[in-house]
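Trainee: pasting the structure only:
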């Protein structure tokens with residue numbers, strides 16, 4: 001019971017204090033929103049909008065989750081409030097899960113911003129939203145863990161955002177968000193399949209456009225493996241940089 005209370009209070013504090021911080025608004029909301037508007041304006045046909053929707057959703061999750069982790073953890077480390085959390089009588093896993101949960105929620109909410117706009121221009125009936133929600137959740141989890149790995153090494157918010165961009169912007173072109181992986185040069189294709197976002201985007205493509213290149217069950221399994229591996233790396237780096 002005490003663990004649940006601690007988890008909820010950490011999550012509630014993050015939601016109240018950090019969701020509307022400028023870095024979250026700029027990178028987590030405004031950037032995906034402006035990209036969505038740009039793509040919708042240049043795509044007057046329904047078919048083109050449907051084809052763009054999976055990439056826009058995946059990008060919104062990616063930028064929302066990584067921005068959230070960079071803000072919450074970096075601000076608290078700078079203000080020494082994170083040190084108090086580390087000294088609190090709760091497990092490290094509880095603390096990490098609480099921090100990740102806020103970022104995951106923020107990213108999943110962002111994912112449906114393009115959907116809201118796309119609904120005005122395209123018919124979204126017949127889409128398997130259950131599988132899409134699972135894919136969005138897994139994208140949010142893996143993206144949040146990548147953001148946590150970055151936040152562990154950053155001391156300032158601008159540093160965390162800069163480090164994040166080294167990963168986020170290449171993913172826009174390597175993970176099939178807007179350019180099919182089949183059209184990438186052969187030497188870049190192996191890199192694409194080493195990124196968890198590739199599998200999440202492929203699931204979204206399959207459910208929305210029917211143009212997936214991988215089996216949905218296989219992609220979900222690979223993303224779960226990525227999530228477990230990234231969580232292990234996060235735990236190891238946290239213990240190394242924050243505990244010891």
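Mentor: Sure thing, it's come through. Model, not experiment: these values are computed from the prediction.

Trainee: so what's the residue count around residue 12?
Mentor: 12 (other Cβ atoms under 10 Å). Quick note: C-beta positions are derived from backbone N, CA and C, even for glycine.

Trainee: and it, how far from residue 71?
Mentor: 16 Å (Cβ to Cβ, to the nearest Å).

Trainee: with residue 198 instead?
Mentor: Taken as Cβ to Cβ, the span from residue 198 to residue 71 is 26 Å.

Trainee: between these two, which one's more packed in?
Mentor: Remark: of residue 198 and residue 71, residue 71 carries more neighbours, 29 against 24, as counted by other Cβ under 10 Å.

Trainee: verify the contact between residue 207 and residue 132 for me.
Mentor: Yes. Counting by Cβ atoms under 8 Å, residue 132 is a contact partner of residue 207 at 5.1 Å.

Trainee: which residue comes closest to residue 50 once chain neighbours are left out?
Mentor: If the residues on either side of it in the chain are set aside, residue 50 comes closest to residue 122, at 5.2 Å by Cβ to Cβ, 6 or more residues apart in numbering.

Trainee: three-state assignment of the one you found?
Mentor: Three-state call for residue 122 (DSSP: H, G, I helix; E, B strand; the rest coil): coil.

Trainee: contacts only, for the closest residue in space to residue 168 that isn't next to it in sequence.
Mentor: Nearest residue to residue 168, sequence neighbours excluded (Cβ to Cβ, 6+ apart): residue 62, at 5.9 Å. Listed by Cβ atoms under 8 Å, 6 or more residues apart in numbering, the contact partners of residue 62 are 107, 139, 143, 168, 171, 197.

Trainee: and the pLDDT at residue 62?
Mentor: As predicted, residue 62 sits at a pLDDT of 88.
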